[in-house]
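*Asks:* Sequence first, predicted model second:
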Amino acid sequence: MRSKSIAVIVVAAGKGERMGTDGNAVPKQYRALAGIPVLVRTIKAFLAHPQVTQVLPVINSDHADRYEALGLSDRRLLPPVHGGASRQASVLEGLKALAPSRPDLVLIQDAARPFVSADLIGDVIEILQSYDGALPGLPLTDTVKRSLDGKEVVATEDRRQLSAAQTPQGFRFGQILSAHMRAGSVRRDFTDDAEIAEWAGLRVAMVTGDPNNIKLTHPEDFVRGEQILMGGRSMETRIGTGYDVHSFEPGDAVWLGGVRIPHSARLNGHSDADVALHALTDALLGAIGEGDIGVHFPPSDMQWKGAASTIFLRHAADLIARQGGRIVNCDVTIVAEAPRIATHAPAMCAVIAETLGISASRVAVKATTNEKLGFIGREEGIVAMASASVEVPRID
Ligand SMILES: Nc1ccn([C@@H]2O[C@H](COP(=O)(O)OP(=O)(O)OP(=O)(O)O)[C@@H](O)[C@H]2O)c(=O)n1
Ligand SMILES: C[C@](O)(CO)[C@H](O)COP(=O)(O)O
């Protein structure tokens, strides 16, 4: 007998608004968790499963470049399709894209649940032999109250009958496609696919969910996620500092904090001479005991001539991620008589945050003049100082 074809839709088109991050931050599904982006973890969990025949990512059309940059490739990984304004709409886009190949079964998975295990995937597939739909559910441990205004309690629910729903949720493809098509034309928001199946009269069963299969929804979930990956090892905080100075030479702009600022001179250096990013790179390398920027990018190496210093900064972030660490915060001070820095500081924070894959709220860029004293005061050069704090697994 032919084995069943099992497609997986990974919905990743959300904006992650409950992460509380500003519009410049890396969306949660593209954020690194112990060095590996969340979406990569989720997709690879399914590609590694022997019963899965196809994986279809559904992405936000604004994130096409981010998805491309993940560099995922596998013969079972389909090109991504664009999602809609709600999770429900994104799932429907995924189902419609799979319609021509009409798999026997489809599993629908939140990109934001990267800890899905092979056992859980197998359990959901297995119970689909007896039901039209299946999902992991976790029994509730707290007593559950009902309130109409979020304040006054009107009832206490019988928690023995209640479970918290997780993904993957599995269905027979034809049934869930037609249920979703119908659900898309009624004025009701369905928060998961099992609810749509129930509404359409399909028989849905639960398997035991996994407490580690959390949905990364709020900022503290990333901390919990790192703990899950750490498997009980403890983290420790490290601090690093960096200092750099470059002199001026004739030119028309300086690069500072990854931002080009028009000026009557430029900074002299082998790369783009961005003192601020060099100081910050040294601070990050110092925090993890990885030497300094010159060790990793020797000035004698011609490939770094004129290079963008964001390359050096990203390298430091990659080294931290490879150690299973994360950057807690960075603080940069630029000492310059000219050009004026203050108006450019938010743009510098945004570039640094994007390069490091952290929220802009974790980056500070400040500037001061040197009160016309010394070589800085005479406008012969610019100094930058930085400090950085990182958390890394404790190894000694
Ligand atoms: N229009 C949407 C909204 C959500 N999702 C996906 O559905 C999953 C579960 O949604 P949730 O955790 O709520 O993610 P977001 O919608 O991104 O978060 P928020 O509600 O905080 O903005 C996520 O993987 C998310 O990317 C989607 O594909 N399309
Ligand atoms: C599908 C889901 O993850 C099951 O718990 C959940 O319903 C998604 O809800 P959200 O509102 O998109 O976070």
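*Replies:* Everything's here; your move. Numbers count the residues shown, from 1 in each chain. Ligands and ions are numbered 1, 2, ... in the order given.
*Asks:* all strands for the stretch 1-150 of the chain, in order.
*Replies:* Using DSSP state E, counting those that start in this stretch, the strands of the stretch 1-150 of the chain run over 6-12, 32-33, 36-37, 54-59, 81-82, 105-110, 133-139, 145-147.
*Asks:* can you list those strands in TSV and add mean pLDDT, mean neighbour count and distance to ligand 2?
*Replies:* (Each C-beta comes from the backbone N, C-alpha and C, glycine too.) Output for those, formatted as TSV (pLDDT from 0 to 100; neighbours: other CB atoms under 10 Å; distance: least, CB to the nearest ligand atom, whole Å):
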stretch	mean pLDDT	mean neighbour count	distance to ligand 2
strand 6-12	98	27	8
strand 32-33	88	21	17
strand 36-37	91	18	19
strand 54-59	98	24	13
strand 81-82	98	16	17
strand 105-110	98	26	5
strand 133-139	97	21	8
strand 145-147	97	10	18
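*Asks:* Between the ones you listed, which one is closest to M235.
*Replies:* For these, the distance to M235 is smallest for strand 32-33, at 13.5 Å, taking CB to CB.
*Asks:* Can you tell me which helices and strands that closest one packs against?
*Replies:* helix 219-230 (3 or more CB pairs under 8 Å, 6 or more residues apart in numbering; DSSP states H and E).
*Asks:* which parts of the helix it packs on are buried?
*Replies:* 221-222, 225-226, 228-229 (16 or more other CB atoms under 10 Å).
*Asks:* wait, which of the residues you listed is closest to ligand 2?
*Replies:* The shortest approach to ligand 2 among the buried residues of helix 219-230 belongs to D221, at 11.3 Å (CB to the nearest ligand atom).
*Asks:* tell me the pLDDT at that closest one?
*Replies:* Residue-level confidence at D221 comes out at 94, pLDDT.
*Asks:* I'd like the distance from it to ligand 1, if you could.
*Replies:* 9 Å (CB to the nearest ligand atom, to the nearest Å).
*Asks:* re the thing from before, of all the buried residues of helix 219-230, which two lie farthest apart?
*Replies:* Taking CB to CB, no two of those sit farther apart than D221 and L229, at 12.6 Å.
*Asks:* Quick check: residues of the protein near ligand 1?
*Replies:* Neighbours of ligand 1 within the chain, by CB under 6 Å from any ligand atom: 11-18, 29, 58, 83-87, 90, 110-112, 215, 217.
*Asks:* And for G174, the neighbour number?
*Replies:* Counted with other CB atoms under 10 Å, the neighbours of G174 add up to 13.
*Asks:* Can you give me the buried ones in the helix or strand harbouring it?
*Replies:* G174 belongs to helix 173-183 when assigned by DSSP states H and E. Across helix 173-183, burial judged by 16+ other CB under 10 Å covers 173, 175-177, 179-180, 183.
*Asks:* so who does V295 touch?
*Replies:* L285 (CB atoms under 8 Å, 6 or more residues apart in numbering).
*Asks:* And what about it, helix, strand or coil?
*Replies:* Of the three states, V295 takes helix under DSSP: H, G, I helix; E, B strand; the rest coil.
*Asks:* Could you look up the SS state of the nearest residue to F222 once chain neighbours are set aside?
*Replies:* Excluding the flanking residues, the one nearest F222 by CB to CB, 6 or more residues apart in numbering is L216, at 6.2 Å. Here L216 takes the coil state, with states given by three-state DSSP.
*Asks:* wouldn't L216 be in contact with A112 here?
*Replies:* Yes. Counting by CB atoms under 8 Å, L216 does reach A112; the two are 4.6 Å apart.
*Asks:* what do those two both touch?
*Replies:* 28, 38.
*Asks:* What residues of stretch 278-288 count as buried?
*Replies:* In terms of neighbour count (16+ other CB under 10 Å), stretch 278-288 has its buried residues at 278-288.
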